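A.B. asks: Need the 3D shape of this:
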Amino acid sequence: MPTTDTDANRRSVLQLGATLGALGITGLAGCTGGDGGDGGDNDTIQSNDQQDEPADELPTGGTFRIGAAQGIQTLSPFQGFLADYLIAETMYDRLTRVDQELEVHPNLAQDWETNDDYTEYTFTLDEDATFSNMDGQTVTADDVKATYDYLTSDEFSGSASSISGVESVEVIDETTVTISLANTDLEFPKRISETGGAFFVVPADILDEDPAQLEETDYGSGPLVLEEWNQQNNISFTAAEDYHINGVNDEPLPYFDALEWDILEDEIQRANALADGSVDAVSRTAPNVAERVQNDATLVKRTSGLQFPIILNTTVEPLDNPDVRKAIKYALDREAILEAVSPDGVLGHHSGITPIHTYYHEDLDVGDTFGTTADIEMAQEHLEEAGYGDGIEMQTFHYDDGVPSKEVIAQVFQQQMSEIGIEFEINRLTEETWLADYFNTDGVWYVGNYSTRVLGESVPQLALRSDGIWNEARWSNENFDEAFERAVTATDTETKAEALRECQEINHREGAWVGTFHPDLYGGYKDYVGNYNLYPTYVKDFVSQCAVDK
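C.D. replies: Here you go, the predicted model:
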């Protein structure tokens, strides 16, 4: 069979992905080249998509040593990125928490109750929760209110999106606090467990004295207490005394006595450290190093809710034309994109809600209307309908270097669109430039990215509603907005699910959000590590639930 130009182009992009993997330029775990090592076909990789049943007994004591990809920039639980969030999760608590399946559970709040329209939640605090480095001071309702007051004050410059709908926080007594909302929110207890939402509870005394102290000292009520922070080399912790949540042995978590967070930025270095026992587990790694993990070590993978949408900004001509947007979706071969970027992952809808989330529309076929591979004939028909039968010369398409897989996506996308006569140059930006000058800006289009949110509707709320603060595509649809309003004001899960299914159908078929794929995340552990389960996100981790027996 003769080689076509399309085949040659596709091979060149596959090779680019393989080169990124070979160089160890991964940025996001699982986003390396299709040829990088054994990848998803390696027998040592086990699926962790369904959380294992917790063991009836787990060993206690010892030191748990993790090989981590990144160091941290700050100790403050209200600031930072990626590794900073992971470390904050070990030191600080919220009112609630989610497990690896993103199901909500008590944390500082032992339980809670709500009124009939879900606009008021009363939380009862665990009386045994205490702050580190505060002489055993108990967490109280005053601390919850002080934290809220700080996060909503002019003094705080970060993001506290999980409490954006809160109208007031009222202290009822020392262990009871009532939070009143501006609107109905059936999911509020889960919403406030969002990592990026920053609603960790900290001591009121520290906030009153000087919040900058949080950048230097651990004042959390979490399962681990900071011992030493050696900048970009390692971070060490000891188990908190009498942590308020028990493990399976009815003793306070964590199961181990100490944690060492060793910063090993190179993928191969982390894999070798796991293989030779220098570390007990690796917090996120890449599948292209799987062949280095042998004998008594295992890699696990977990499907994530990470998203890399192509943003068809309707302020860029002719992306305001629905037929042009549909032509692009028909011409897209998402299976080829997945193969080029990652050995493992899944396809979802063009909708912003991912397959890992509760309200994902499972009855809407992933290939509904547009398919998962290219339909050139239908794409060209829509271009004809739009008056562009002779093709389109588009303005430059952008991607940033913050996520290496974006380069591969941009290359593949450019080649696939050229098959129907849509031509454009692609331009690489630094992540800082993209965020500062291009993200959520009129007149540009690009590959975007969103982290895994605790709630599936968070991304549609932020980016797909007409009034969404990150409506990057400037797309507006009255039917979508009306259905989304029904979803977020619902007081029962059935009504909410039905409304969100309608949202997904509208956005999938009509919207300016083009989904690509959702990559798998990878981690690894030695066989003597117990209870290792990955979260489907980078910014939460398994740490305090693990046990070591060595």
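A.B. asks: Wait, T315 touches E472, no?
C.D. replies: No - applying CB atoms under 8 Å, one finds T315 not in contact with E472, separated by 10.1 Å. All C-beta atoms are positioned from the backbone trio N, CA, C, and that covers glycine.
A.B. asks: if you count what's nearby, which of the two comes out ahead?
C.D. replies: Neighbour totals were compared for T315 and E472, and E472 leads with 24 against 13 (other CB atoms under 10 Å).
A.B. asks: Next one: that one from D442, what distance?
C.D. replies: 10 Å (CB to CB, to the nearest Å).
A.B. asks: just L455 next, same as before
C.D. replies: For L455, the distance to D442 - CB to CB - is 28 Å.
A.B. asks: of the two, who's got more company?
C.D. replies: L455 (21 against 10).
A.B. asks: what number of residues lie near E423?
C.D. replies: Neighbours around E423, by other CB under 10 Å: 12.
A.B. asks: What is the neighbour count of the spatially closest residue to it that is not a sequence neighbour?
C.D. replies: Nearest non-adjacent residue to E423, counting by CB to CB, 6 or more residues apart in numbering: E393, 5.5 Å away. As a burial measure, E393 scores 9 neighbours (other CB under 10 Å).
A.B. asks: quick one: the helices in the stretch 401-550 of the chain?
C.D. replies: 405-418, 431-433, 458-459, 478-488, 493-510 (DSSP state H, counting those that start in this stretch).
A.B. asks: Checking Y388 next. Helix, strand or coil?
C.D. replies: Three-state call for Y388 (DSSP: H, G, I helix; E, B strand; the rest coil): coil.
A.B. asks: first vs last residue of stretch 60-80, how far apart are they?
C.D. replies: End-to-end distance of stretch 60-80: 32 Å, with CA to CA, to the nearest Å as the criterion.
A.B. asks: Pull the contacting residues for the spatially closest residue to T195 that is not a sequence neighbour.
C.D. replies: Closest residue in space to T195, ignoring its immediate chain neighbours: V539 at 4.3 Å, by CB to CB, 6+ apart. Going by CB atoms under 8 Å, 6 or more residues apart in numbering, V539 touches 82, 85-86, 89, 195-196, 451-452.
A.B. asks: cool, and Q269?
C.D. replies: Residues in contact with Q269, defined by CB under 8 Å, 6+ apart, are G67.
A.B. asks: Can you give me the separation between the residue nearest to T195 and R191?
C.D. replies: Distance from V539 to R191, counting by CB to CB: 15 Å.
A.B. asks: can you list the domain ranges for the chain.
C.D. replies: 78-222, 310-516 (automatic domain parsing).
A.B. asks: Mean pLDDT added to these, as a markdown table?
C.D. replies: Formatted as a markdown table, the domains of the chain follow (pLDDT from 0 to 100):
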| stretch | mean pLDDT |
| --- | --- |
| domain 78-222 | 92 |
| domain 310-516 | 96 |
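A.B. asks: nearest to Y522, of these?
C.D. replies: Nearest to Y522, of all the domains of the chain, is domain 310-516, at 8.4 Å by CB to CB.
A.B. asks: Look at that closest one and report the distance between its end residues.
C.D. replies: End residues of domain 310-516 are separated by 7 Å (CA to CA).
A.B. asks: before we move on, what about stretch 221-235?
C.D. replies: Note: stretch 221-235 ends 18 Å apart using CA to CA.
A.B. asks: quick check: mean pLDDT across stretch 46-53?
C.D. replies: Mean pLDDT, stretch 46-53: 62.
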